[in-house]
Structures are given as structure tokens and as C-alpha cells.
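> my questions concern the predicted model and sequence given below.
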Amino acid sequence: MPFSFVEIEERKTQVIYLIFLFLVIFYFFSAWLIAIAIKVFLFLFLKVPFSSIFYLPPKILLGIIFIALFSAVVHWIFSVSNVNTRVIDVLGAVFPDKEDLYHKKFINIVEEVKVASGGLDISAIVMPISAMNAFSLANFKNQGIIGVTEGLLARLNRAELEAVIAHEVAHIVSKDTLIKTVAVSIFGLYGALLAGVRGSLENVRSPYGRSRGLVFLLFMYAVLALVNFLGKLISCFVSRECEYRADAVAVKLVRDPLSLARALYKISQRWRGGGLGYDTLESIFIVNPAYSSLDEKEGFIANLFSTHPPISKRISILLDMAHSSFAELKKPSSFKSSRQIKQTRAILKSPVRWFANKDGLWQGPFLASELINLSWLNSHTFLRREGSDRICFFHQDPYLLNLLNQRKKETSPLCPVCFSPLTTTHYEGVSVYLCNSCEGVLVREERLPRILIREEVGFSEEVIRKAKIIENLSNKPFSSKVKIQSVLTCPLCNQKMIRNFYTLAILIEVDRCYSCKVIWFDKDELEILQYLVEKERGSII
């Protein structure tokens, strides 16, 4: 397998020339078939001699060659221009949220990899779906992109995520990603046309002109299916071999083959994105989004038609490098234990309070949001946490100091229920507003799916009891006519919030602001929603 820079460049150039040559050949045969079809028409209706049907004069052949070259160049320029942006749009990926702890971890790892790789131009993006997968893109400007799904961020620990990102960096460095991105962009267009023609064939209903229209659609379908097939062959030509090499390079970068093996094992055991229409993009992913039995086989046919090598073999090679066994993969390696999660939620439910010293007398206890609003508080005010004898100055408490700095940047919104100041905190890595008084939570709608994807345990008995009551109600016949109420005022825009069910499948009443796209959850409602979603997904038995 090629590893030197010169060999990699030669291989990349050869494959790119091959792709362009394929375009020229395809357009040549397309134009030739059109010319033959015209001569067949002339034979049927104008009595042209049959012997001349397949003969084309040299001038017409030269014209066909010119048309083929021109069409191939136009197609090539259109396909490679802004290729990264167009593929990202197809995937529905977005840039990471810098306020999200999971996204921040991802960004930090990518930044570390950029430094380790000599300053590559690599950006990070996230696909907001619960599937587990990762991919990379690149263009001729040496701009690389590494993308992961929300499901991957939620279920891999830092070491496993580093190994996956190192795998994608190996693709970018070796130029495999550039070849895959170009192939995906060029042949993905035909994949979309093929899907459109297939849909038209299914919807042919009118008797008038059906025969002629059907013949034309069948002809187009056959041509496009052939192009799509050949496009997949080119993708397969650069896929199977480079996946093994990228695994090996990733191990060299992170020196942790076991973490990469664990990551591949976790991905293989969950939904990888199959059914979302990524058939023509499968070669850019670390694992084929759609399950294919051919992927798990070896031999000439599998090597020719499968974009990815068997996951079991990839894992076996990595385990050999780590001198480990498959039993190690089934051991829990989550970055949060059940006990830690319960403690984190306990902190949210039972917020810390402080006593503050004013003129020699201890005042309080105060919540953090109440404390920083005291008019007589300054950086040299003595503080003492409730239940502790340790005394410190205000400026020596990093949590309060950070909270005060945030308050200086923006006025804190008030809780729509009890009118206490809302504080900014992180709930399962997502930045939310929390009321320390009534324990309600305000979440932006686009961030809520991340919370629901990030599966954690440790639900209290009270949450489970309430969730089962709602679950029983959801299973009963229910009218779709829901009475919409307007009760609370949005803390962010002061517009009236609409109170209705989260969905008709999960009968949890929530308050929505359709103006600034936020949802207010009363005490325990967010955890109840998590419990019901995770149970429906099969994560809770």
C-alpha cells in the first residue's frame, strides 16, 4: 500500500484522471446513442437505408467528441466548485455550538489534531441525528472537514472520539478524502436524477402517451442506473483499501488501537444512518450508513462492490495491535458513571447556597442568582458556603465570579413561573436556563434533540412514577383536538407562550414561545420526556 507523499500524489492524480476520463466516455456514448436514436427515427419514418443506421460520418463523430469533452469539463467544474458546502447541505450538517460541552470537546480535539498534523485547514461540523457515524470531506484548496453525528458525540468517550477523528484525519492527509469527495459530488448528481426517474416511472398513470413516455423513462433509467453503478465502482476502488490504512495511521497518531476498536464496535451495534438517503455518499463515512451483508464478506465480488471492509476484520486487526480480545469491547467505557450522573442531577435539584458577611454579621443563605444581585456585595465580601466552615472572598469563588461576568454581559431573564432570576447552566452538555427556585428549565428548541439523544441513567423514582402515569395516558384513545392555552410570558421576548402537549404521542404539557423558539419545562418535565423517549428507543427496559 502507498504511504510516501510522492506515491500518494501519483495515486490521487491517477484516480482523478480516471474519473474525468469516465465522464468523457459517458458523454461520448450518450451523444452517440442520441445520434443512433435519430437515425433509427429516420429509418422508420423516412425510409433511410438500414445499413447506414450505425454509420456516423467523421464530422459527426468529431462533433460528438467535442460535445463529450465540453460536457465533461462543464460537469467537472460544476461538481468540484463549492463541493464541501454542497455535500454539507445534503447531509443537513451544522457548525458546532460553542456553548455545548459535547461540541466544545469535539472542537478541542479537532484543534489538537490540526496542530499535530502540521496545521491542516480542518473545520468541524455536526449532523443533528441520533445515528452513530463520522465522515470527512476535502476540496482542491486543501480545505478539510471532519463531521460527526450527535449520536456519536453522545456515546463515545474522549479517547474513542479522538481515535475516530484521527481516522478521518488520516483520510484527509492521504488525499483519500479528496478523491471520495470528488467522486461523491460527480456521481451523486446522477444518483439524484436516478431517484427522480424512478419516481416518475412509479407515477406513470395517464394512458395518453404512456408508451412513448414509458420507453423514454426506461431508457433514461437504464442509462442512469449504469452510470450510478459505474460511479459506485470507482468509489469502491478507493474505499476498501484506504479504510485499513486510515485505521493504521489513526493508531500511529493516538497510540490507542483499543479505543478505535471500541468506537467501531459501538458504531456497528447501533443505527448508522441507513434509510436517510445517503446511498451515494456512503464512501465518505467511517462505516457504511446502510447495513449491507456484502460489507462483511471478502473476496473479489465483495472487494469490487462494497465500499467498506468487514467491520469484524477491522476490529480484529486493531485488537491484535492492542494485544486484546473481543471481551474488552463489551466492558463499559462510558465517560460518566451512574453515580456521577445522579450526583450531577442532585446538584441541579439542590443548588448550593451562600452566607455573606455584612458589617460583621452573616446574612443569608442566598442562592447564587440572589447573591450576585445584592447591592452591598463587592469582590472583598466574605462568603461561606452553606454546610461548610471555609471562608473566602467573593473574588476567590470561581463559580460566582464566572456567573457575575455572565451577568455583566447580559441581563438575566426572569423565571416565567416564580419570577426568580434564571441562571445559565449546562444540562447534559447543553446550555440551558435554570430556575434555582422552582427548578424549571428553559431550552432552545434546536438544542433539545441533543438532550434527547444523549442517553444517561439515574432517573429518580419520582420521575419514573410520573413518566408511567403519562405513558398510560398516551396509550389511551385521544382526540387530536387539543385546547391551546396561553398562560406564561416568555422570559426572552415577553411574548405570550402557548401551552400544549409536547407531541400527541407524549402527553407532557409544555410552554412554547413560537417567536424565539424556546420551550419551558416545569420541574421534572424534561427528565420525564427523556425517560419516555429513551424507553421508546429501547434504551430503558
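Arrived safely. Numbering: from 1, shown residues only.
> just name the shakiest helix or strand of the chain by mean pLDDT.
Least confident element among the helices and strands of the chain, by mean pLDDT, DSSP states H and E: helix 338-349 (a mean of 41).
> in stretch 319-328, what's buried?
Residues L319, M321, A322 are the ones in stretch 319-328 that count as buried (16 or more other Cβ atoms under 10 Å). From N, CA and C alone the C-beta is placed, and that goes for glycine too.
> which single one of those is nearest to S539?
L319 (26.6 Å; Cβ to Cβ).
> wait, the closest one sits on A327?
No: L319 is beyond contact range of A327, at 9.8 Å (criterion: Cβ atoms under 8 Å).
> helices - which of the buried residues of stretch 319-328 land there?
Assigned to helices by DSSP state H, the following of the buried residues of stretch 319-328 qualify: L319, M321, A322.
> which parts of the stretch 151-300 of the chain are strands?
Assignment of strands within the stretch 151-300 of the chain using DSSP state E, counting those that start in this stretch yields no ranges at all.
> report the mean confidence score over the host helix or strand of K39.
For K39, the host element (DSSP states H and E) is helix 5-46. What helix 5-46 shows for mean pLDDT is 68.
> could you do stretch 179-194 as well?
72.
> quick one: low-confidence parts of the stretch 401-541 of the chain?
401-411, 456-458, 474-486, 540-541 (pLDDT under 70).
> gap between L69 and A248?
For L69, the distance to A248 equals 40 Å [Cβ to Cβ, to the nearest Å].
> neighbour count: those two, which is higher?
Set side by side, L69 and A248 show more neighbours around A248, with 18 against 14, by other Cβ atoms under 10 Å.
> residues touching the more buried one, list them.
Taking Cβ atoms under 8 Å, 6 or more residues apart in numbering as the criterion, A248 is in contact with A170.
> kindly reformat the buried residues of stretch 319-328 as TSV containing pLDDT and distance to I469.
Shown next, in TSV, are the buried residues of stretch 319-328 (pLDDT from 0 to 100; distance: Cβ to Cβ, whole Å):
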residue	pLDDT	distance to I469
L319	92	46
M321	91	51
A322	89	48
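> any chance of the ones in helices among the buried residues of stretch 319-328 in a markdown table, with distance to L526 too?
Below are these laid out as a markdown table (distance: Cβ to Cβ, whole Å):
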| residue | distance to L526 |
| --- | --- |
| L319 | 40 |
| M321 | 42 |
| A322 | 39 |
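> between the residues you listed, which sits nearest A467?
L319 (39.5 Å).
> ok, and the closest non-adjacent residue to that closest one?
Spatial nearest neighbour of L319, excluding adjacent residues (Cβ to Cβ, 6 or more residues apart in numbering): A261 at 5.4 Å.
> one more: E462?
Excluding its sequence neighbours, the residue lying closest to E462 (Cβ to Cβ, 6+ apart) is D524, at 6.9 Å.
> the one you found against I469, yeah?
No: counting by Cβ under 8 Å, D524 sits too far from I469 to count as a contact (11.7 Å).
> tell me which of these two has more neighbours.
Ranked by neighbour count (other Cβ under 10 Å), D524 and I469 place D524 first, with 20 against 11.
> ramachandran angles for the more buried one?
phi 70, psi -10 (degrees, to the nearest 10).
> can you map out the helices along the stretch 301-450 of the chain?
In the stretch 301-450 of the chain, the segments counted as helices under DSSP state H, counting those that start in this stretch are 311-322, 338-349, 368-371, 398-409, 448-453.
> hmm, who's touching the first one?
The list of residues contacting helix 311-322 from outside it, by Cβ under 8 Å, 6+ apart, reads 243-244, 247, 251, 256-258, 260-261, 264-265, 267-268, 287, 295-296, 298, 325-326, 328-329.
> how far away is the closest residue to T381 other than its chain neighbours from F66?
Using Cβ to Cβ, 6+ apart and skipping the chain neighbours, the partner closest in space to T381 is F394 (4.8 Å). Going from F394 to F66 by Cβ to Cβ gives 79 Å.
> domain ranges for the protein?
Per the record, the chain has its domains at 1-80, 97-334, 336-410, 413-541, by automatic domain parsing.
> which of those is buried the deepest?
domain 97-334 (a mean of 19; mean count of other Cβ atoms under 10 Å).
> please give the element, helix or strand, for the residue nearest to K98 when sequence neighbours are not counted.
Of all residues not flanking K98 in the chain, K104 sits nearest, at 6.4 Å (Cβ to Cβ, 6+ apart). Here K104 sits within helix 101-116, counting by DSSP H and E.
> per-residue confidence averaged over whichever helix or strand comes after that helix?
Once the chain leaves helix 101-116, the next helix or strand it forms, by DSSP H and E, is strand 121-127. Mean pLDDT, strand 121-127: 93.
> now strand 121-127 - C-alpha only, PDB.
Taking Å, rounded to 0.1, in the frame of the first residue of the first chain, the C-alpha atoms of strand 121-127 are listed here in PDB:
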ATOM      1  CA  ASP A 121      -7.000  23.600   7.400                       C
ATOM      2  CA  ILE A 122      -9.700  21.400   9.000                       C
ATOM      3  CA  SER A 123     -13.200  22.500  10.200                       C
ATOM      4  CA  ALA A 124     -15.600  20.700  12.400                       C
ATOM      5  CA  ILE A 125     -19.300  20.100  11.700                       C
ATOM      6  CA  VAL A 126     -22.100  18.100  13.400                       C
ATOM      7  CA  MET A 127     -25.000  16.200  11.900                       C
END
